[in-house]
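Student: predicted model follows, preceded by the sequence.
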Amino acid sequence: MTDPGAASAHLDLFRYLAADERMDYIAIMSRFTASLLADMSAATVVEQLEHEGFSLSQDTIEARCKQLVRWGNLVPSLRDARVSTVQDYLRARSRYQVSSLGGRVHRGAIEIIEAADGAREVARELLGEIADSLSEVVRLLDVPRSADRADKLAGVVTTIFNNQRLFTASVTDFYAYIAGVLSRFDLHGDEYAQFKGLLLDYVDLITADVNRHAPLIAERLATVSRRLDDLLSVLDSVARLELGDLGTVERSGGRDRLDWDQLLQWYTGSGQDSGPAQLRAAAGQALGQLLANAKRMLHSTSTGYSRRADLLRLAAWFQHADDVEAHQLFAATFGMWSTRHLSLGPEEPDARVGPMTSWLVADPIDVPVSLRERGSRAAKGRSARVPDISRDRAMVEASVRQEAERNAMVAAELSAAGYLDGAQLSPQARATLLDELARLLAADTDSVTNHDLGVVLHAVPGGSTTIISPDGSLFVDGYQLSCRPVASTWGEELDGEVG
């Protein structure tokens, strides 16, 4: 399992690719990875970049190199610089080398940057090489032990796993490209014909090679697995790098049992663990998408044709238009006029949406699934039945009736309590009293009337009020509270109670 701390440190190796000064960092790292074990100072980097037309000051290069050291892409060089003057010593005292992981990250980044945005050819010829190499492993295991035999066996094993890694990577990239192309809604005409031939011919060729070589590879892998202990012992006898407690060593493929188990599982597994099954499923999915595109182009009720040519012509108009014409053209093309709800369209789901509401802040319109996903405007299905709302209406009426009964009980309890200091109220009545007290304090008055409940809450400044409930007591400091029905003349009663 990967150490989270180590993974976080490795993520810093990629930070220079997303920094604001990424072009400076990429140029510097390219100079350090251009040759084997490049050992350079900032002055040397400046001179080499000037030959390429990249002008940066020495102080800037020095700051960039120090930042790359902090990220782990570069390491300080420990080699003593041979200089004849103090000035040369000051220039050469800070020298750097590319780190192991920093070089790997940059080489991979440059490979991605320079990669063509197109299809990658599948290295299907490697399947036959893998089968031949497995038979060579079996042959070398029968040869008497020798140093030359161990080196040859190690080379063959490394070749097997490198070929397998290259084959799976090329297949993954190829089908990713095919999926990206077939997902285009504007695929039509000559492009569609080309990709149809690609899928029907090249994909079939890949599938045929896999079906031909996979059983043979699986059979020879099973033979090697039966002699895996002998193979691993021979590979362990080959001279290798040992760092002990100083650090871990990343070994080549095929040096432990897990590598061989995973390789055997790829060719003989079932479901998602089987490589050949995954390839066949990917080919079937690609062909299915190709047929879906064909149906889309032939369907008379859908869009049925590509708007690619129209969009290219529109782009040409935009290119030759000034600002005023471009705004008019955009509004006429996409209907982006000023927001006005003048026609009687469907009811807005939000009552706050008015004639001056912009589409930027209004809720989006619900687009039917058939139009959103398949571009089909044809009506699907049949008209739904008029729903029977009698049960829902009865539930709503019952709920309203229960709420009215609760409000009546709370109003009666508050009215009966009168002067509230020391009164015992239910939790529901206390909650209603708190709501009315909040209204009274917000209005900054001495009384507040709730016409729905038919009660009036009166507050006299001074003193305090304690209300007792089963789940706790409420203490109101600074006010003497009392509650009466709306129709009562509670001024006289209040004077009597307070007096």
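Tutor: Sure, I can see it.

Student: and the strands in the stretch 1-150 of the chain?
Tutor: Remark: strands assigned in the stretch 1-150 of the chain by DSSP state E, counting those that start in this stretch are 40-41, 74-76, 95-98.

Student: and the ones you listed: which comes nearest residue 179?
Tutor: Each of those was scored for nearness to residue 179 using Cβ to Cβ, and the closest is strand 95-98 (35.9 Å). (Glycine included, C-beta is placed from N, CA and C.)

Student: which elements pack onto that closest one?
Tutor: Helices and strands touching strand 95-98, by 3 or more Cβ pairs under 8 Å, 6 or more residues apart in numbering; DSSP states H and E, are helix 22-32, strand 40-41, helix 58-71, strand 74-76.

Student: what is the mean pLDDT for the shortest one?
Tutor: For strand 40-41, the per-residue pLDDT values average out at 82.

Student: so how far is it off the chain centroid?
Tutor: 40 Å (Cα atoms, centre = their mean, to the nearest Å).

Student: partners of that strand, with directions?
Tutor: Strand 40-41 sits in its sheet next to strand 95-98 (antiparallel), going by DSSP bridges.

Student: got a list of contacts for the strand it pairs with?
Tutor: 29, 32-33, 37-41, 65, 68-69, 73-77, 79, 81, 106 (Cβ atoms under 8 Å, 6 or more residues apart in numbering).

Student: mind putting the helices and strands packed on strand 95-98 into a markdown table with distance to residue 204 and mean neighbour count?
Tutor: Below are the helices and strands packed on strand 95-98 laid out as a markdown table (distance: least, Cβ to Cβ, whole Å; neighbours: other Cβ atoms under 10 Å):
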| stretch | distance to residue 204 | mean neighbour count |
| --- | --- | --- |
| helix 22-32 | 41 | 19 |
| strand 40-41 | 52 | 22 |
| helix 58-71 | 47 | 17 |
| strand 74-76 | 49 | 16 |
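
Student: same list, these, but as TSV with distance to residue 236 please.
Tutor: Converted to TSV, the helices and strands packed on strand 95-98 look like this (distance: least, Cβ to Cβ, whole Å):
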stretch	distance to residue 236
helix 22-32	35
strand 40-41	39
helix 58-71	37
strand 74-76	31
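
Student: need the strands of the stretch 1-150 of the chain in CSV (columns: distance to residue 180).
Tutor: Below are the strands of the stretch 1-150 of the chain laid out as CSV (distance: least, Cβ to Cβ, whole Å):
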stretch, distance to residue 180
strand 40-41, 40
strand 74-76, 36
strand 95-98, 34
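
Student: for residue 397, find the nearest of the ones you listed.
Tutor: Across the strands of the stretch 1-150 of the chain, closest to residue 397 is strand 74-76 (Cβ to Cβ), at 77.1 Å.

Student: which of the helices and strands packed on strand 95-98 has the lowest mean pLDDT?
Tutor: strand 40-41 (a mean of 82).

Student: what sits against residue 216?
Tutor: residue 131.

Student: torsion angles phi and psi at it?
Tutor: phi -70, psi -40 (degrees, to the nearest 10).
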